[in-house]
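Trainee: here is a sequence with its predicted model. Questions after.
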2 protein chains.
Amino acid sequence: MGHGEETVAAEPIADPDDPRLEPYTRMRERDLVGRTRRFIAEGEVTLRLLLGPRARFRAESILLAPERWPGLAPDVAACRDKPPVYLADKAVMSAVTGFPIHRGVLAVGRRGPEPDPAALVPPAPAPALVLGLAGLTNHDNVGAAFRNAAAFGADAVLLDATSCDPLYRKSIRVSAGAALIQPFARLAPGQDWLTLARELDLEALALSPGAAESLDDLATPKRVLLILGTEGPGLDAATLGRARPVRIPMAPGFDSLNVATAAGIALQTIARGQGRLATVG
Amino acid sequence: MGHGEETVAAEPIADPDDPRLEPYTRMRERDLVGRTRRFIAEGEVTLRLLLGPRARFRAESILLAPERWPGLAPDVAACRDKPPVYLADKAVMSAVTGFPIHRGVLAVGRRGPEPDPAALVPPAPAPALVLGLAGLTNHDNVGAAFRNAAAFGADAVLLDATSCDPLYRKSIRVSAGAALIQPFARLAPGQDWLTLARELDLEALALSPGAAESLDDLATPKRVLLILGTEGPGLDAATLGRARPVRIPMAPGFDSLNVATAAGIALQTIARGQGRLATVG
């Protein structure tokens, strides 16, 4: 093979017990997440993000149905890490993982060290937009919030200790892969939102349907930490009392939004106010 | 019982084969939807909407775990239809329906006749905001779009013939009950969006990530039909070519939104532009 040629090979695997497939046989999430610090990515869009320049994690291996390989080989060739690629029929993939694999695209990724929240936020006086998720225990909502954070260019997503894992399989899927490129960090146990906001020179806005102030009437702060609580109970009184409560203007009579949708709408309003959205195509 | 007293009674049922529970034993959705024109509502928030003044359908019966009855009796008493209320333990409820009933609140509702789209849209020159869903075959997305339509005060939701049923159990649940109060209608097979828009004097805006015009730069039309297609393929070329394509301004590099979230953001932008949102609490 000549110098300078970008050639990548894929290895066919027919035996579901092949030891190279072992990480895929451990797809019970607790094992993956807790013990081995790995995660599973599914689908072509997500794999492309995992292999691309914005990925915050590296792929350890890739498992594809053979017919998916030609379309994805250029992405693997362009990826700096060149993870091994295994090819197996969907029937073998399903046997290995224990659930039906429809799209024929899987990868195992390796988590990095958890960053410090401060490391992800641009220092003052630069503009900043940070999303804080408090007590979000539903993987769909966390994934959807990440998708919206990426779409509206949030600098970081911060999660409290009780919010669920953005790298859980379903979170990644619902995020459309945003969980793999959107910078995020977890608060230390006991670390509180308002102290953090003060330390990072962010104005803490607490989204709450009952707030007197509407987001549309707000002179957008240059540096924002937007905090959302879970649907139903919402944010705790201590956070609400110390932050600046704001609400999304809605029609009278049905003031009910999904928490991730609310995050998206509020992020868009703030990002627009900060001038960070491409309004001219 | 004296004249003028509002008393409602509930009937305990212990036998899963009691004939009064028969509609609940047919919860396979195709049967309910296609043959009997009924639907199932679950949960307290949704039941309250079904019994309330904005409901577009009537409850045929209600099935509650006994402990839920005291809290809901006032809503039944205030409801004009006074549907019969049956009480059964959650174990009986689960045995009857064939899936685990956690919240202990179910109702069977009866669909009405399908309205004509024109009947739901305020006549010109009044302002109008109508959401059009084209080819949405995912019940979560349809439910979430209804929730957002209700939150931002859309006059109506219109669905093409291929979009799925807003009164499917999962759609109602994801809509947080909005599917029971938000006026909606289905296009006749072959009826096209642009002809309908012209007939109803609505400006057709087609949401598309590739559109040149940003929603934020738009002088909001007074009467809008906002059309969304499914994620991925998007709207068909004929609709895009004849409508006015608009996009949601996003951050560079990740222009990907869930279709229901996109509907929510676009509806909010338009409703705000039309002055129909309560910005002062």
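Mentor: The structure has been received and is ready for your questions.
Trainee: wait, A:I181 sits on A:L51?
Mentor: No. Applying C-beta atoms under 8 Å as the test, A:I181 and A:L51 come out as separate, 11.2 Å apart. Yep, even glycine has a C-beta here, placed from its N, CA and C like the rest.
Trainee: neighbour count: these two, which is higher?
Mentor: A:L51 (25 against 19; other C-beta atoms under 10 Å in any protein chain shown).
Trainee: now A:A126, what's its secondary structure?
Mentor: When classified by DSSP: H, G, I helix; E, B strand; the rest coil, A:A126 comes out as coil.
Trainee: list the contacts for it?
Mentor: A:A126 is in contact with A:R223, counting by C-beta atoms under 8 Å, 6 or more residues apart in numbering or on different chains.
Trainee: just the pLDDT for it.
Mentor: A:A126 carries a pLDDT value of 96.
Trainee: how about A:V121?
Mentor: A:V121 carries a pLDDT value of 98.
Trainee: next one: A:R37
Mentor: 84.
Trainee: run a quick neighbour tally on it.
Mentor: For A:R37, the count of nearby residues is 13 (other C-beta under 10 Å).
Trainee: for it, give its distance to B:L51.
Mentor: As judged by C-beta to C-beta, to the nearest Å, A:R37 and B:L51 stand 50 Å apart.
Trainee: cool, A:L21 as well?
Mentor: For A:L21 relative to B:L51 (C-beta to C-beta), the value is 54 Å.
Trainee: go on, A:A65?
Mentor: Taken as C-beta to C-beta, the span from A:A65 to B:L51 is 50 Å.
Trainee: and A:A10, backbone torsions?
Mentor: Main-chain torsions, A:A10, degrees, to the nearest 10: phi -120, psi 150.
Trainee: the residue lying closest to A:L21 once chain neighbours are set aside: which element?
Mentor: In space, and not counting its chain neighbours, A:L21 is closest to A:V96: 5.1 Å by C-beta to C-beta, 6 or more residues apart in numbering or on different chains. Counting by DSSP states H and E, the element that carries A:V96 is helix A:90-97.
Trainee: tell me what that helix is packed against?
Mentor: Helix A:90-97 is packed against helix A:22-25, with contacts defined by 3 or more C-beta pairs under 8 Å, 6 or more residues apart in numbering or on different chains; DSSP states H and E.
Trainee: in the helix it packs on, what's buried?
Mentor: Using 16 or more other C-beta atoms under 10 Å in any protein chain shown as the test for burial, helix A:22-25 gives A:23-25.
Trainee: what is the burial count for A:A78?
Mentor: 13.
Trainee: which residue packs closest to it, ignoring adjacent ones?
Mentor: The nearest residue in space to A:A78 (C-beta to C-beta, 6+ apart) is A:L51, at 7.3 Å.
Trainee: the one you found: what's it in contact with?
Mentor: So A:L51 contacts A:59, A:75-76, A:78-79 (C-beta under 8 Å, 6+ apart).
Trainee: what is the most widely separated pair among these?
Mentor: By the measure C-beta to C-beta, A:A59 and A:A78 form the most distant pair in the contacts of A:L51, at 12.6 Å.
Trainee: how near is the most centrally placed residue in chain A to A:L158?
Mentor: The residue lying closest to the centre of chain A (C-alpha atoms, centre = their mean) is A:A179, at 1.9 Å. As for A:A179, its distance to A:L158 is 14 Å (criterion: C-beta to C-beta).
Trainee: please name the nearest non-neighbouring residue to the closest residue to chain B within the stretch 1-150 of chain A.
Mentor: Per C-beta to the nearest C-beta, A:A150 is where the stretch 1-150 of chain A lies closest to chain B, at 4.2 Å. Computed as C-beta to C-beta, 6+ apart, the closest residue to A:A150 that is not its neighbour in sequence is A:A178, at 3.8 Å.
Trainee: quick one: neighbours of the one you found, just the number.
Mentor: A:A178: 26 surrounding residues under other C-beta under 10 Å.
Trainee: so A:P245, which of the three states?
Mentor: strand.
Trainee: that one and B:G264, how far apart?
Mentor: Here the distance between A:P245 and B:G264 works out to 21 Å (C-beta to C-beta).
Trainee: again, but for A:L72
Mentor: Counting by C-beta to C-beta, the gap from A:L72 to B:G264 is 33 Å.
Trainee: please apply the same query to A:A151.
Mentor: On the measure of C-beta to C-beta, A:A151 and B:G264 end up 13 Å apart.
Trainee: shared neighbours of the two, which are they?
Mentor: Contact criterion C-beta under 8 Å, 6+ apart; residues shared by A:A151 and B:G264: A:G264.
Trainee: now the strands for the stretch 101-250 of chain A?
Mentor: Using DSSP state E, counting those that start in this stretch, the strands assigned to the stretch 101-250 of chain A run over residues A:105-110, A:128-133, A:156-159, A:184-186, A:203-207, A:213-214, A:223-228, A:244-247.
Trainee: what about the closest residue to A:L225 other than its chain neighbours, distance to chain B?
Mentor: Using C-beta to C-beta, 6+ apart and skipping the chain neighbours, the partner closest in space to A:L225 is A:L202 (4.1 Å). Noted for A:L202: a distance of 19 Å to chain B, by C-beta to the nearest C-beta, to the nearest Å.
Trainee: burial of the closest residue to chain B within the stretch 101-250 of chain A, as a residue count?
Mentor: When distances are taken as C-beta to the nearest C-beta, the stretch 101-250 of chain A reaches nearest to chain B at A:G153, 2.8 Å away. When neighbours are defined as other C-beta under 10 Å, A:G153 has 20 of them.
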